[in-house]
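Peer 1: sequence and predicted structure below; questions after.
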Amino acid sequence: MREIVVLSGKGGTGKTSISAALASCGPPKVLADCDVDAADLHLILEPNVIQIHDFVSGEAPSVNVSACTACGLCIEKCRFHAMDADAEGKAVVQPEMCEGCGLCAYVCPCEAIAMVPQKCGVWYDSETRHGPMIHAALDIGAENSGKLVTTVRQRSGRVAEHRSIDVVLTDGPPGIGCPVIASLTNADLALIVTEPTRSAEHDLARIADLAAHFDIPAAVLVNKEDVNPELAQSVASFCRSRGLMFLGAVPYDPAFNQAQLAGQTIVEYAPDMYRLFFEHMWKRLLGETGYSPQFSTDSKSQPS
């Protein structure tokens with residue numbers, strides 16, 4: 001099995017649009033959306049949800065009001081101001097402030113507070129018109145996005161194995177933080193989507209360093225190339241200097257927005273313009289991982 005993770009050093013580069021385009025062509029694949037803090041691949045692929053699973057991680061305090069003596073010790077000791085008092089002076093948890101440290105339960109003299117498993121979000125087994133998809137949504141303000149990313153990746157791998165599918169395509173989160181590391185670790189290849197801006201150029205170097213740290217080969221695609229052709233050429237030079245596979249560039253094209261409004265990928269919306277380009281990209285990406293599946297192409301055009 002080969003897993004390709006689509007990443008970007010910053011948000012707004014068009015990473016999900018590229019992921020969706022790759023989802024709609026190439027070999028059979030399992031799709032995974034690991035951008036659990038702000039998932040949006042489902043907006044284009046419109047998955048049919050088969051199963052919903054709670055994501056439980058960490059613990060949160062639960063107060064037994066009948067056992068609480070209103071001593072106020074938990075309120076006094078909580079440095080996060082997550083404990084408050086009701087009209088009778090009994091302890092009340094403010095979940096949006098709570099870090100789940102458990103100090104309140106530890107100091108409670110009457111054992112009126114217990115730490116219980118905390119639901120932090122949900123993850124889904126779904127089907128799309130382009131194959132099975134595993135995706136998730138972290139609750140607002142919830143933590144442990146890295147653990148939820150790992151859950152999505154593990155499930156997508158099991159689905160691929162069960163269905164004898166050789167490729168997993170993962171839409172990863174932006175940046176270089178914990179969820180990105182969880183998305184990237186042990187992957188076969190990172191596809192970094194960047195754009196010709198100074199901030200993206202800087203963040204491209206950071207995500208390339210991260211991939212190199214984990215000894216994962218990386219390929220780079222420039223999106224919206226004609227916004228700044230000089231910087232696009234600078235990205236190509238950077239790739240040559242770092243030994244990164246440079247996949248080329250995609251122009252700024254209003255058709256991407258029009259495709260999204262139509263609920264389609266760019267390959268579905270403008271196949272004569274884009275299908276061959278993304279099919280060829282698939283062959284280069286999988287060839288880099290040492291895997292060369294056979295799949296058909298039905299277009300003769302590439303983007304200019």
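Peer 2: Perfect, I can see it now.
Peer 1: for Gln14, what are its contacts?
Peer 2: No Gln there; residue 14 is Gly. Going by C-beta atoms under 8 Å, 6 or more residues apart in numbering, Gly14 touches Val193, Glu195, Asn223, Lys224, Val250, Phe256. Every residue, glycine included, has its C-beta placed from N, CA and C.
Peer 1: ok, 7 Å please
Peer 2: Gly14 makes contact with Val193, Asn223, Lys224 under the criterion C-beta atoms under 7 Å, 6 or more residues apart in numbering.
Peer 1: cool, Ala114 as well?
Peer 2: Per C-beta under 7 Å, 6+ apart, neighbours of Ala114: Ser62, Ala105.
Peer 1: what helix or strand is it on?
Peer 2: strand 113-128 (DSSP states H and E).
Peer 1: same for the next helix or strand after that strand, what does it pack against?
Peer 2: As assigned by DSSP H and E, the chain's next helix or strand after strand 113-128 is strand 131-138. Other helices and strands packing on strand 131-138, by 3 or more C-beta pairs under 7 Å, 6 or more residues apart in numbering; DSSP states H and E, are strand 30-33, helix 41-45, strand 113-128, helix 145-162.
Peer 1: about what we covered before: export the contacts of Gly14 as CSV, with columns for neighbour count and secondary structure.
Peer 2: Putting those into CSV (neighbours: other C-beta atoms under 10 Å; DSSP: H, G, I helix; E, B strand; the rest coil) gives the following:
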residue, neighbour count, secondary structure
Val193, 27, strand
Asn223, 24, strand
Lys224, 21, coil
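Peer 1: just the residues you listed now: which is nearest Cys74?
Peer 2: Closest to Cys74 out of the contacts of Gly14 is Val193 (47.4 Å), distances taken as C-beta to C-beta.
Peer 1: dig out what the closest one forms beta bridges with.
Peer 2: Leu221 (DSSP bridges).
Peer 1: list the residues that contact it.
Peer 2: Val193 neighbours (C-beta under 7 Å, 6+ apart): Val6, Ser8, Thr13, Gly14, Lys15, Ile18, Leu221, Asn223.
Peer 1: measure the fourth one to Ala190 for me?
Peer 2: Gly14 sits at a distance of 16 Å from Ala190 (criterion: C-beta to C-beta, to the nearest Å).
Peer 1: ok, the third one next?
Peer 2: Look at Thr13 and Ala190: by C-beta to C-beta, they are 14 Å apart.
Peer 1: do the second one as well
Peer 2: Ser8 is 10 Å from Ala190, where distance means C-beta to C-beta.
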